[in-house]
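Colleague: Compute the structure for the input listed below.
(one chain, ligands or ions: 2)
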Amino acid sequence: MTMPATFDDWLANSNAPEGVVEVLTVLGRTCAEISTVVAGGALTGVLGASGVVNVQDEEQKKLDLITNDMLTEALLACPVVAGVASEEMDTVQPGTNADGAWLVLFDPLDGSSNIDINAPVGTIFSILKSPNAAPTEAAFLQPGRDQLASGYVLYGAQTMMVLTTGQGVAGFTLAGDGTWRLTHDAIQIPADTKEFAINMSNRRHWAEGVQRYIDGCLAGVEGPRAKNFNMRWVAAMVADVHRVLMRGGVFLYPWDKREPNKPGKLRLMYEGNPMALLVEQAGGKATTDGVQRILDVEPTQLHQRIPIALGSANEIDQVAAA
Ligand code: F6P
Ligand code: MN
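Modeller: Ligands and ions are numbered 1, 2, ... in the order given. Modelled structure (predicted):
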């Protein structure tokens, strides 16, 4: 088999501004390094808890901190980066580059409860234009539709990077020689599906519309949808959204009534927005509730949470109608 095009070649032919290409190059290189670190597992002592709790009140794993440091260091060393923000840091980190023009937000290791059971985890990233070279937190609070690029890396059976610069979605596989190769071009999410992903154990906490929608799927051919559905839940958003991008489906982490000050579990700026851009670019829909576009949400806080319903377009319409 001849080797597919490299990430560098693909970037050179993309529409992305030069600075964004530079940032994506740093992200590609650093995530390839993260892939090796994650794969080291118990042999290199990277598994387990760090003993530290993050701003979301979640216990950080050692690998959350290691990968956060790797990305922060690599990105702030890049001359075009004006600042970074991460799930694992309370506030933003401005760079010291006078030429900094781009902001990078990331979830360094999504699904990190999967680490210790050797199940898939990922890195999610989002790139915005910086209003100035010394950005404060307010500079990062831009709606998702303003993202110049977004993507993720899935550390699974293969390590894959999936990204968009606003002209469709491309997927790259990490080759043995450390280069990323274009293996999935023009990724499209089928409009129809028979597969849903949701944490069913929260059913009693959901709003009635979501309960009705899922109950309709569970009722199968005898129910209102007149077809049988399949359910999947990897418990790492990157892996669940990757499945949706590869073969269709819907992924929901809906609003629930447990904690009124927490509208959902997932975070807008480095989970919802980057995934929403990818899903829309692949022809799917990405909403908070079946209707409201995630990319149009005006952010108010760096770590704000948001309900999510994304995936196959016709199925998201069914969520809205339920
Ligand atoms: O980042 C949060 C996260 O780990 C997502 O990757 C994943 O989709 C979700 O939480 C899993 O939530 P739960 O523990 O409720 O299954
Ligand atoms: Mn996450």
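Colleague: Now do stretch 216-231: distance to the chain's middle.
Modeller: Its chain's C-alpha centre and that of stretch 216-231 lie 28 Å apart, by CA atoms, centre = their mean, to the nearest Å.
Colleague: now that stretch: mean pLDDT?
Modeller: What stretch 216-231 shows for mean pLDDT is 98.
Colleague: Go ahead and name everything in contact with it.
Modeller: Defining contact as CB atoms under 8 Å, 6 or more residues apart in numbering, one finds that stretch 216-231 is touched by 194-198, 200, 215, 318, 322. All C-beta atoms are positioned from the backbone trio N, CA, C, and that covers glycine.
Colleague: Return the members of those residues classed as buried.
Modeller: For the contacts of stretch 216-231, a neighbour count by 16 or more other CB atoms under 10 Å gives the buried set as 195-198, 318, 322.
Colleague: what's the closest of the contacts of stretch 216-231 to Val21?
Modeller: Ala197 (32.8 Å; CB to CB).
Colleague: Assess the claim that the closest one and Val250 are in contact.
Modeller: Yes: in this structure, Ala197 is within contact of Val250 by CB atoms under 8 Å, at 6.8 Å.
Colleague: Might you report the residue contacts of Asp240?
Modeller: 197, 232-234, 251.
Colleague: Show only the entries of these found in helices.
Modeller: Counting by DSSP state H, none of the members of those fall within helices.
Colleague: Neighbour-wise, give me the winner out of those.
Modeller: Phe251 (27 neighbours; other CB atoms under 10 Å).
Colleague: Run through the bridge partners of that one.
Modeller: Ala197, Leu310 (DSSP bridges).
Colleague: Distance to Ala101 added to the contacts of stretch 216-231, as JSON lines?
Modeller: Rendered in JSON lines, the data for these read as follows (distance: CB to CB, whole Å):
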{"residue": "Lys194", "distance to Ala101": "45"}
{"residue": "Glu195", "distance to Ala101": "41"}
{"residue": "Phe196", "distance to Ala101": "40"}
{"residue": "Ala197", "distance to Ala101": "37"}
{"residue": "Ile198", "distance to Ala101": "39"}
{"residue": "Met200", "distance to Ala101": "44"}
{"residue": "Asp215", "distance to Ala101": "49"}
{"residue": "Gln318", "distance to Ala101": "42"}
{"residue": "Ala322", "distance to Ala101": "44"}
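Colleague: Select, from the residues you listed, the two members most distant in space.
Modeller: Met200 and Gln318 (17.5 Å).
Colleague: which residues touch the helix or strand encompassing Gly171?
Modeller: For Gly171, the host element (DSSP states H and E) is strand 170-174. For strand 170-174, the surrounding residues in contact (CB under 8 Å, 6+ apart) are 7, 10, 28, 32, 35, 158-164, 180-187, 245.
Colleague: and it, which residues are buried?
Modeller: 170-172, 174.
Colleague: Repeat that for stretch 12-24.
Modeller: 14, 16-17, 19-24.
Colleague: ok, now stretch 280-291?
Modeller: 280-290.
Colleague: Figure out the length between the terminal residues of that stretch.
Modeller: 14 Å (CA to CA, to the nearest Å).
Colleague: what's the answer for stretch 54-63, then?
Modeller: End-to-end distance for stretch 54-63: 13 Å, by CA to CA.
Colleague: and if you look at stretch 259-266?
Modeller: Taking CA to CA, stretch 259-266 runs 14 Å from one end to the other.
Colleague: same thing with stretch 159-170?
Modeller: Stretch 159-170 end-to-end distance (CA to CA) = 14 Å.
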